[in-house]
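>>> for reference, the sequence and a predicted model appear below.
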Amino acid sequence: AQSVTQLDSQVPVFEEAPVELRCNYSSSVSVYLFWYVQYPNQGLQLLLKYLSGSTLVESINGFEAEFNKSQTSFHLRKPSVHISDTAEYFCAVSPNSGYSTLTFGKGTMLLVSP
Amino acid sequence: DSGVTQTPKHLITATGQRVTLRCSPRSGDLSVYWYQQSLDQGLQFLIQYYNGEERAKGNILERFSAQQFPDLHSELNLSSLELGDSALYFCASSVGLAFENTGELFFGEGSRLTVL
């Protein structure tokens, strides 16, 4: 079984400041890793994913995450946030073989203020 | 728009009642997943169907059941409702069973259930 820990339930930052949202996972098998974003009153949308290859993955809107196998982490970073990045961010893990069920963390609310 | 459609968007009912939530997956997706989102539990995986067959089960209560029909839409049935069942229920879909090719679930906007 897999589990995901998102250490921060809420992260307040000012606009244009850098941010890091932390994610640690636990798994007895090799995994795929994901970050999903949920804007208010909407469903979840995939932000970025690590399946294989380069351990640094990027999204189209400036977020990046690095898979660190030794630390079992997949932290999400952005060098300069915008007001529009205010949303809840979920880290998720799936075994990389067999059935594709996602296990989510409890989410981190990113609050960007002017 | 993810292409996943869920109805109803909001539902208010009383304890002891039974409700049905409906989900239409993206065109071409064979897998349907149900998740429950609540403030205290976060996002909990309930059940997965693939092409009409149950494939994986998570933290789904015995009072809850689901099915996927030949046209691939799915229904989640919640019975003997309790106050604690109040939550946002998400449906998601994906092309297949495994993530090697797609690596993504597509989520609907959810059905918010309030049990009074």
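Great, that's in hand.
>>> what does chain B have sitting close to chain A?
Residues of chain B lying close to chain A (Cβ under 8 Å from any Cβ of the partner chain) are B:2, B:4, B:31, B:33, B:35, B:42-43, B:45, B:48, B:55-56, B:58, B:90, B:92, B:94, B:96-100, B:103-105, B:107-110. (Each C-beta comes from the backbone N, C-alpha and C, glycine too.)
>>> now the residue nearest to the spatial centre of chain A. Nearest residue, chain neighbours left out?
What sits nearest the mean C-alpha location of chain A, by Cα atoms, centre = their mean, is A:Trp35, with 3.4 Å. Spatially, and ignoring its direct neighbours in sequence, A:Trp35 is nearest to A:Leu47 (4.3 Å; Cβ to Cβ, 6 or more residues apart in numbering or on different chains).
>>> so what's the one you found up against?
Applying Cβ atoms under 8 Å, 6 or more residues apart in numbering or on different chains, one finds that A:Leu47 lies in contact with A:Phe34, A:Trp35, A:Tyr36, A:Val37, A:Ser59, A:Phe63, A:Leu76, A:Tyr89.
>>> kindly report the same for A:Leu46.
A:Phe34, A:Trp35, A:Tyr36, B:Gly103, B:Glu104, B:Leu105.
>>> equivalent analysis for A:Thr101, please.
A:Ser94, B:Tyr33, B:Phe45, B:Gln48, B:Ala56, B:Gly58.
>>> surely the last one meets B:Gln44?
Yes - using Cβ atoms under 8 Å as the test, B:Gly58 is close enough to B:Gln44 to be in contact (6.5 Å).
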